[in-house]
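Undergrad: here is the input, now give the coordinates:
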Amino acid sequence: MSSAVKGVVVFGAGIAGKVRIRDTSHVSNEECPWKLIGFVSRRKLDIDGVTQLTEDEVFQRADVHAVIVCTEPSEHERIIRKSLEHCKHVLVEFPVSTSAAVTKDLYTLANQKGVVLHEENIALLTPGFLSLKEQITEVKAKIVSGEISLSGSYNGWVEDFNKSGGPFCVNISLIESLYELIGEDIEVTNGKLDINDEGFTAQANLTSSKCSQLSLTVKRTKEKCKREKQMKFILENGQVIEETPYKPPTTSSPQQNNKPGLFMQDFLLYMDEIQGIKPFTYETRRSIRCMELADNIHHLMGLSPN
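TA: You can find the predicted model right below:
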């Protein structure tokens, strides 16, 4: 375990990247010391008080110990592999990569290099999800069916499967949520993709020992609309258990008990893993298994892993 300051660089300066830059710009503390060294972007950007670096500069600098990858999924493998080969710890916005084989290979490389590869999934940290997981864990009645759905607008690359890796790759969070709620013995039974002039709808049916009827749906449209996610489970006794939608705190209403935001919570978990405070074997297994399920769904849809 090391308490030395960890130099951090953020790759990508889109929505998630700018949140990561903002969070890691905060002054660290003795328990989890870090320093934001800068960011990397294909665009020339002026972000107040933060240095823009080139990739070559990042990997040449000895004071960069950890990177955060916030690019489109098709870029993840290249940046992660290069980071790991230079013995840099990696936090990547989900998914790790666009195929299970590559994901497994990258975790193996991280283990060989003695560094951390951490996949972000802030959806698993929301109060609504944690409450849902607790309710599912405590139920005595049989779960008859479960549904998880996500809808939203195109964003420029999420609809480009060459960049996103496919609907259940870029939305691997849905499969990981199911994994956390139902268990790891999930199998895919069907997958269907419908693309039309309005957008696309991707559907998957799955089964497990805990619930034989599970479904995942991703719908993206060209028309601008609000992003919405729903999780619903129906029990044999007729009870319905649903996730309470997460509402981020507004700037005018401080977070309860000064609790850090979800991205910062995830970053602190990453720092704990780097310092050896928190093991990450379980998260590695979950990440690989869920990408295997995504690959299986895409195969049934006629899509191949990139």
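
Undergrad: what comes up buried for stretch 112-128?
TA: Neighbour-count burial for stretch 112-128, counted by 16 or more other C-beta atoms under 10 Å, picks out 113, 115-126, 128. Quick note: C-beta positions are derived from backbone N, CA and C, even for glycine.

Undergrad: between those residues, which is closest to Pro73?
TA: Using C-beta to C-beta, Glu119 is the member of the buried residues of stretch 112-128 that lies nearest Pro73, at 11.5 Å.

Undergrad: contact partners of the host helix or strand of that closest one?
TA: Using DSSP states H and E, Glu119 sits in strand 117-120. With contact meaning C-beta atoms under 8 Å, 6 or more residues apart in numbering, strand 117-120 is reached by 80, 84, 89-96, 106-107, 110, 263, 266, 269-270, 273, 280, 283-284, 287.

Undergrad: and of the buried residues of stretch 112-128, the nearest to Trp157?
TA: Trp157 lies nearest to Glu120 out of these, by C-beta to C-beta, at 17.6 Å.

Undergrad: could you look up the SS state of the closest residue in space to Gly302 that isn't next to it in sequence?
TA: Among residues not flanking Gly302 along the chain, Leu193 sits closest, at 7.3 Å (C-beta to C-beta, 6 or more residues apart in numbering). Here Leu193 takes the strand state, with states given by DSSP: H, G, I helix; E, B strand; the rest coil.

Undergrad: hang on, the earlier thing: and the strand holding Glu119, average pLDDT?
TA: Averaging pLDDT along strand 117-120 gives 97.

Undergrad: same question for stretch 211-223.
TA: Across stretch 211-223, the average pLDDT comes to 96.

Undergrad: go through it and flag the buried ones.
TA: For stretch 211-223, burial by neighbour count (16+ other C-beta under 10 Å) applies to Cys211, Leu214, Ser215, Leu216, Thr217, Val218, Lys219, Arg220, Thr221.

Undergrad: same question, stretch 187-201
TA: Across stretch 187-201, burial judged by 16+ other C-beta under 10 Å covers Val188, Gly191, Leu193, Gly199, Phe200, Thr201.

Undergrad: how near is the closest residue in space to Val158 that isn't next to it in sequence to Trp157?
TA: Among residues not flanking Val158 along the chain, Ser164 sits closest, at 5.1 Å (C-beta to C-beta, 6+ apart). For Ser164, the distance to Trp157 equals 6 Å [C-beta to C-beta, to the nearest Å].

Undergrad: rewinding a little: so who does the residue nearest to Gly302 touch?
TA: Pro167, Phe200, Thr201, Ala202, Gln203, Met301, Gly302, Leu303.

Undergrad: mind checking which of those residues are in helices?
TA: Those of the contacts of Leu193 mapping onto helices are Pro167, Met301, per DSSP state H.

Undergrad: can you flag the buried ones in the contacts of Leu193?
TA: Neighbour counting with 16+ other C-beta under 10 Å marks Pro167, Phe200, Thr201, Ala202, Gln203, Met301, Leu303 as buried within the contacts of Leu193.

Undergrad: now these in CSV, with pLDDT?
TA: Shown next, in CSV, are the buried ones among the contacts of Leu193 (pLDDT from 0 to 100):
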residue, pLDDT
Pro167, 97
Phe200, 97
Thr201, 98
Ala202, 98
Gln203, 98
Met301, 95
Leu303, 90
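
Undergrad: quick check: Glu198 touching Lys219?
TA: No: at 9.7 Å, Glu198 does not count as touching Lys219 under the criterion of C-beta atoms under 8 Å.

Undergrad: what residues does Phe280 make contact with?
TA: Val116, His118, Glu273.

Undergrad: what do you get for Val19?
TA: Counting by C-beta under 8 Å, 6+ apart, Val19 touches Phe263.

Undergrad: centre of the chain to the helix or strand where Lys35 lies, how far?
TA: Counting by DSSP H and E, the element that carries Lys35 is strand 34-40. When distances are taken as C-alpha atoms, centre = their mean, to the nearest Å, strand 34-40 is centred 21 Å away from the chain's centroid.

Undergrad: right, I'll leave it there.
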